[in-house]
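Visitor: Quick one: sequence and predicted model below, then my questions.
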Number of protein chains: 2
Amino acid sequence: MYLPSHFHETDLTVLHALIRSHPLGTWVTSGDGALIVNHIPFLLDASGGEFGTLIGHVARPNPVWQQYSRDVPSVVIFQGAERYISPSWYPTKQETGKAVPTWNYAVVHAHGMPRLFDDRDRLLAHVTALTATHELAHEMPWRVSDAPADYVDALLKGIVGIELPIATLTGKWKVSQNRPEIDRVAIVDALQQQNDAGARAMATLVQAAMREKG
Amino acid sequence: MYLPSHFHETDLTVLHALIRSHPLGTWVTSGDGALIVNHIPFLLDASGGEFGTLIGHVARPNPVWQQYSRDVPSVVIFQGAERYISPSWYPTKQETGKAVPTWNYAVVHAHGMPRLFDDRDRLLAHVTALTATHELAHEMPWRVSDAPADYVDALLKGIVGIELPIATLTGKWKVSQNRPEIDRVAIVDALQQQNDAGARAMATLVQAAMREKG
C-alpha cells in the first residue's frame, strides 16, 4: 500500500481498535492463478504474537481453506470510516484556489500465513467467544449454549477454523493530516453537519489526528 | 468467493448501483511475491464493455502501477452495508432454539486486467468527471476548473490513470435469504430500531430480497 509517512498509523492499540470495531475482514489469498476473496468476521486475540492473531472460520464447503496459498502470505483488510472530502470546505481555498478533492479513510492490513483448525472443542470455544463479543451490545445476549447441543455439534462439523498470526500489521489513516489546521477544523465541521454516522466517524478521526500533532 | 446460490446477486443494475454508492474500491493485485492492496475511489463507466469499466488513478510515487501483475487479473472489492445479525431476533428461535449468529453483507468483486493511462487530456477528463460525480450532492459544487490551470496541470503530472475493464463481476448479497419470512421481518425490525444509517441500509437490503422472492 502506498503510505506517505504522515498517513502512517503505527500505534498498535489504535490498529487493534479498528479491527475490533470493524471486524468483518476481507481475506485475500491467491490460488490456482487467481485472487480469492472472502468476507469473514474475525476475532482478534491481541495476546497471540507481537501483533496479535486473527481467528475466524469458514463454511466447510468453501474451497478457500484448501486453495489458499501456502507460499504467499494472505492479507486481511479491515476498513474503517471513509468519506469524500470536498475542497469547497477548505478556507485556504478562498485565498489561492489551490485545492482538489480527496477521499479520507482509515484501513488496517494484516498480512500473515493462515493455519487451519477443526477440532470440536476449539471450534466451540471460538464461536462462543465470537458470539459473546458481538452480543455484548444486546440487552439479552444470546449465547451458543442457548441452542440445542446436538444442533451446535452438527454446525461445528460444517465449519473450518482459520487462525492468522499477524506477521505485518499496517495502518493507513488518511485523515487530512496534509492540510493546514484551519482546513482540518473546517473539514470536521462540514462532516459533522452531514448528520450521518459514517461522516461523524470520519470527523472524529480527523479531530484525533489534530490532537496528536497538537 | 464462497457463493451459495441464494446469496448470488446477478442483476447488473444492482451491482453497478453498489459500486456507485460505495465507490472507494479495494484494489488487490500480486507483485514481487506479495499481495498489494490500495484503496482508490473508482468511477464506473457502465458503457465500457459487457460489465463496465472501472476508472481511477493513483499517485505517481505509488509503485503499484509498475508492480501490478500482468498475468493474474486484479480484483477490486466494493463493500456495501454489513451488520451482525443476532439469533435472539428470530421468532423461530423461540420454537426450536435452532439458530446461530451470522454476519450479513453485500459486496461486489470486479476482476480484470488493469491498463494505465497518463496523457494529460484524458487524466483531466477523468478527474473532472470523478469530481462532478461526488460534488453532485453539494449545494455549491466545486469544479476542477475552480482551481488555477497551472496548479491542476502540475497535479495531473503527479498521478497515473488506471482503467480496469471488468472481465468478471460477482455480487454476494448475504441478506438473510436463508431464513423463513417471519425471521426476516423480525431482522428488518431489529435493524431499523438500531437507528443507525448502516443498520438501516442493511434493513433495506433484507427487505429488498424479500420482495424479490415474493
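Guide: Ah, there it is. Numbers count the residues shown, from 1 in each chain, chains lettered A, B, ... in the order given.
Visitor: what sits opposite the spatially most central residue of chain A in the beta ladder?
Guide: Centroid-nearest residue in chain A: residue A:78, 2.2 Å away (criterion: C-alpha atoms, centre = their mean). Counting by DSSP bridges, residue A:78 is bridged to residue A:108.
Visitor: where does the residue of chain A most remote from its centre fall, phi/psi-wise?
Guide: Most distant residue from the mean C-alpha position of chain A: residue A:95, 38.1 Å away (C-alpha atoms, centre = their mean). Per-residue torsions, residue A:95: phi -80, psi -50 (degrees, to the nearest 10).
Visitor: Now for the residue nearest to the centre of chain A: which residues touch it?
Guide: Residues near residue A:78 by C-beta atoms under 8 Å, 6 or more residues apart in numbering or on different chains: A:18-19, A:22-26, A:107-110. For the C-beta atoms, the positions are set from N, CA and C on the backbone; glycine is no exception.
Visitor: 6 Å instead, please
Guide: The contact partners of residue A:78, taken as C-beta atoms under 6 Å, 6 or more residues apart in numbering or on different chains, are A:18-19, A:22, A:25, A:108.
Visitor: so how far is stretch A:46-55 off the chain centroid?
Guide: Remark: stretch A:46-55 is offset 14 Å from the chain centroid, using C-alpha atoms, centre = their mean, to the nearest Å.
Visitor: Just the terminal-to-terminal distance for that stretch.
Guide: One end of stretch A:46-55 sits 11 Å from the other (C-alpha to C-alpha, to the nearest Å).
Visitor: For that stretch, buried residues please.
Guide: Going by neighbour count (16 or more other C-beta atoms under 10 Å in any protein chain shown), the buried part of stretch A:46-55 is A:51-55.
Visitor: Also stretch A:82-95?
Guide: Neighbour-count burial for stretch A:82-95, counted by 16+ other C-beta under 10 Å, picks out A:82-90, A:93.
Visitor: ok, so of the residues you listed, who is nearest residue A:9?
Guide: Ranked by distance to residue A:9 (C-beta to C-beta), the buried residues of stretch A:82-95 are led by residue A:82 at 14.4 Å.
Visitor: now the angle between strand B:74-85 and the helix or strand hosting that closest one, please.
Guide: Secondary structure from DSSP states H and E places residue A:82 in strand A:74-85. Interaxial angle, strand A:74-85 versus strand B:74-85 (axes from the mean of the first three to the mean of the last three C-alpha atoms, to 10 degrees): 80 degrees.
Visitor: Please export the C-alpha coordinates of strand A:74-85 as CSV.
Guide: The C-alpha trace of strand A:74-85 is given here as CSV (Å, rounded to 0.1, in the frame of the first residue of the first chain):
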residue,chain,number,x,y,z
SER,A,74,-2.6,-13.8,2.9
VAL,A,75,-3.8,-10.3,3.7
VAL,A,76,-6.9,-9.4,5.7
ILE,A,77,-8.2,-5.9,5.2
PHE,A,78,-10.3,-4.1,7.8
GLN,A,79,-11.9,-0.9,6.5
GLY,A,80,-13.0,1.8,8.9
ALA,A,81,-14.6,5.2,8.3
GLU,A,82,-14.3,6.7,4.8
ARG,A,83,-15.6,9.8,3.3
TYR,A,84,-15.3,12.1,0.2
ILE,A,85,-13.7,15.4,1.1
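Visitor: hang on, the earlier thing: distance of the residue nearest to the centre of chain A relative to residue B:37?
Guide: As judged by C-beta to C-beta, to the nearest Å, residue A:78 and residue B:37 stand 11 Å apart.
Visitor: before we move on, what about residue A:176?
Guide: Noted for residue A:176: a distance of 22 Å to residue B:37, by C-beta to C-beta.
Visitor: How about the residues of chain A by chain B?
Guide: Contact residues, chain A versus chain B (C-beta under 6 Å from any C-beta of the partner chain): A:1-2, A:24, A:26, A:28, A:30, A:35, A:37-39, A:41, A:62, A:75, A:77, A:82, A:84, A:86-88, A:97-98, A:101, A:103, A:105, A:107, A:109, A:131, A:134, A:138, A:140, A:142, A:147-148, A:151, A:196-197.
Visitor: Now do the residue farthest from the centre of chain A, the pLDDT please.
Guide: According to the prediction, residue A:95 has pLDDT 79.
Visitor: what does residue A:214 give?
Guide: Turning to residue A:214, the model gives it a pLDDT of 47.
Visitor: try residue A:99
Guide: pLDDT, residue A:99: 85.
Visitor: For it, which non-adjacent residue is spatially closest?
Guide: Computed as C-beta to C-beta, 6 or more residues apart in numbering or on different chains, the closest residue to residue A:99 that is not its neighbour in sequence is residue A:87, at 3.5 Å.
Visitor: That neighbour contacts residue B:143, doesn't it?
Guide: No - using C-beta atoms under 6 Å, residue A:87 is not in contact with residue B:143; the gap is 9.9 Å.
Visitor: list the contacts for the residue nearest to residue A:99?
Guide: Counting by C-beta under 6 Å, 6+ apart, residue A:87 touches A:93, A:99-101, B:142.
Visitor: quick one: residue A:179 and chain B, what's the gap?
Guide: According to C-beta to the nearest C-beta, to the nearest Å, residue A:179 stands 15 Å off from chain B.
Visitor: Next, that residue: secondary structure please.
Guide: Here residue A:179 takes the coil state, with states given by DSSP: H, G, I helix; E, B strand; the rest coil.
Visitor: One more: residue A:141?
Guide: coil.
Visitor: in chain A, which helix or strand is least confident?
Guide: helix A:91-96 (a mean of 80; mean pLDDT, DSSP states H and E).
Visitor: What backbone torsions are found at the residue nearest to residue A:99?
Guide: phi -70, psi -20.
Visitor: And the pLDDT for it?
Guide: pLDDT, residue A:87: 91.
Visitor: Distance-wise, check it relative to residue B:113.
Guide: For residue A:87, the distance to residue B:113 (C-beta to C-beta) stands at 33 Å.
Visitor: Which members of the contacts of residue A:87 define the maximum pairwise distance?
Guide: A:93 and A:101 (11.0 Å).
Visitor: Right, I'll leave it there.
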